[in-house]
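Need a 3D model of the sequence below.
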Amino acid sequence: MSRVYGDSTPFPHDLDYINMLRDSIDCTVRLLSAQHSIFAATERARAAERARETDVRELNGLFERVQAAVAPAISEGVDRTVRTAAQIVAGARGMVDGATADLDAQVVAESAQARHIVDKARETVLHAVEHFMERHAPPRSRFSLQLVASSETNSGQITINTPYDLTVTFGVALPNTHAWARPRRISDFTPQLEIRLPKESGWISKRVEMAPTRVERMFISELVFGEQFGVLSLRRGAASGPGYRLRVGLNDSITAAISPLKDDGSPDQGQPLVLEGKDLTAMVALWRAAADSIRDLPGLRRRLVSATFVERPLMELDSPRLLAEAMVADIAPIVVEISKRSGAPGELVLRRTLGEGRREETYCTHAELVDKIRVLPPDLRAVFSPLRLTDSPGMASALLDGPVPGSHGPDSPRFSGNPGAPALAASRPPPVGGPSRPPSVPPPQGTPAAV
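Numbering: from 1, shown residues only. Presented below is the predicted three-dimensional model:
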């Protein structure tokens, strides 16, 4: 591993974890801000419904008292008195019904506003996850990739499954200079490729025999790269004509099977042919060469296509806090270990070997991260307690009460390990004023909500 902890022991993940940590905290803060919006909006709608029930109960009670007061006049009075009493009862009923209708309209408006706030909060969740996952993939995430050819180009999607049941799918932004920006033939990877495939033979009695078949002129119309399997669809045209589908198993032993495709690209009936010997070696080598050529595509992911948490779309998520808690639980053991091995209290330090006796050091302070968290209400800040950022002196009270002193972090790495090179440290200035409240308090009644 090229990365080490602050005490120079090996760090198990070869990625810029400090930068990922900052963005992870930003993402979870936005998730919890959205949670606050959803909770406040739904509670406000429920409070309006409860107030309506109370007011309607009191209005109906008032009508019953009016009705009881005039009841003797209706049963015992003269005609004019009876008519007047009936008018009083009818008028009271109408006024109560009108007031009830006004209350119902207020509840409907409050419920519509709550739904608007919840929808905007869910959009915030989606944008926060997109911003984070477009730039980072947490350790132990699993990637799968699909490329599909059209007549002139290829389009792709990348799916990332995180260890905490967040699954996101992005489109792939292929630059015009990329080899996969255009349809590719098998010959781009193997100049000559011949395998034995079933062929019909005979003029009178048709029979199927295994015959050598050249396939290097075929196009790769689909390429799938998963954790335990891979797929190559090979067709006469980039997106047309018959061909073959190769499926490679990537378990303990490498297996491969091939099946024919119809003119429209759909699988033909029948059992796939299990490849053996030279055919197996040749086709697995082809798939590996094609798969190796797309290993840079995860870094080209753009435009979120879909996102789910525990198989539920984020735009239907009622409790973003659950996702925030899952993200914090995933990073907490690593953050605690980095803190323990950083040497200086209240710092998170990682180093990367550059060669020639030099190391690049990336760090951030607990205070910097706590300052990000403090924009949340106190009850939501508790989600970050597994990170143990408040173990540093003064951090616990700063997190709950006042501003964090010296809350700043590096904008550029500093270097160590080369006696002839000066230590470089850059930091951004502390924020002006105190932390702002998250945009999660519902607006006054009758105004559009925004998260």
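
Could I get the full set of helices for the stretch 251-400 of the chain?
With DSSP state H, counting those that start in this stretch as the criterion, the stretch 251-400 of the chain has helices at 277-292, 320-340, 366-373, 378-381, 395-400.

how about these, which one is nearest residue 91?
helix 378-381 (49.6 Å; CB to CB). Every residue, glycine included, has its C-beta placed from N, CA and C.

ok now that closest one, how far from the chain's centre?
In terms of CA atoms, centre = their mean, to the nearest Å, the centre of helix 378-381 is found 22 Å from the chain centre.

what residues go with each domain of the protein?
What automatic domain parsing lists as the domains of the chain is 1-141+331-451, 142-301.

Just give the number of residues close to the closest residue to residue 70 other than its chain neighbours.
Nearest residue to residue 70, sequence neighbours excluded (CB to CB, 6 or more residues apart in numbering): residue 85, at 4.1 Å. Using other CB atoms under 10 Å, residue 85 has 20 neighbouring residues.

and residue 85, what are its phi and psi?
Main-chain dihedrals, residue 85, degrees, to the nearest 10: phi -60, psi -40.

can I assume it is in contact with residue 74?
Yes. With contact defined as CB atoms under 8 Å, residue 85 counts as touching residue 74 (4.7 Å).

Residue 303: which of the helices of the stretch 251-400 of the chain is closest?
With CB to CB as the criterion, residue 303 lies closest to helix 320-340 of the helices of the stretch 251-400 of the chain, at 20.8 Å.

Lowest average pLDDT across the domains of the chain?
Among these, domain 1-141+331-451 has the lowest mean pLDDT, at a mean of 80.

What is the neighbour count of residue 286?
Neighbour number of residue 286 under other CB under 10 Å is 23.

Centroid-wise, who is the farthest residue in this protein?
Using CA atoms, centre = their mean, the residue of the chain lying farthest from its centre is residue 78. It sits 76.3 Å away.

Is there a neighbour count for residue 107? I'd like the number.
By other CB under 10 Å, the residues close to residue 107 number 17.

show me what contacts it?
Going by CB atoms under 8 Å, 6 or more residues apart in numbering, residue 107 touches 45, 48, 49, 52.

Buried members of those into ChimeraX, please.
Listed next is the ChimeraX selection for buried residues among the contacts of residue 107, using 16 or more other CB atoms under 10 Å:
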select :45,48,52
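
List just the nearest of the contacts of residue 107 to residue 326.
The closest of those, once distances to residue 326 are taken by CB to CB, is residue 45, at 27.1 Å.

what about that closest one, which SS state?
Following DSSP: H, G, I helix; E, B strand; the rest coil, the label given to residue 45 is helix.

my guess is it contacts residue 111, does it?
Yes. Using CB under 8 Å as the test, residue 45 is close enough to residue 111 to be in contact (5.0 Å).

Can you give me the distance of residue 10 to residue 3?
To residue 3, residue 10 is 8 Å away according to CB to CB, to the nearest Å.

Looking at the two, which one has more neighbours?
Neighbour totals were compared for residue 10 and residue 3, and residue 3 leads with 19 against 9 (other CB under 10 Å).

shouldn't that one be in contact with residue 349?
No. Residue 3 lies out of contact with residue 349 (CB under 8 Å); the separation is 11.1 Å.

can you list the domains of the chain in JSON lines and add distance to residue 309?
Shown next, in JSON lines, are these (distance: least, CB to CB, whole Å):
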{"stretch": "domain 1-141+331-451", "distance to residue 309": "8"}
{"stretch": "domain 142-301", "distance to residue 309": "5"}
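
for these, which one sits closest to residue 311?
Closest of these to residue 311 is domain 142-301, at 7.6 Å (criterion: CB to CB).
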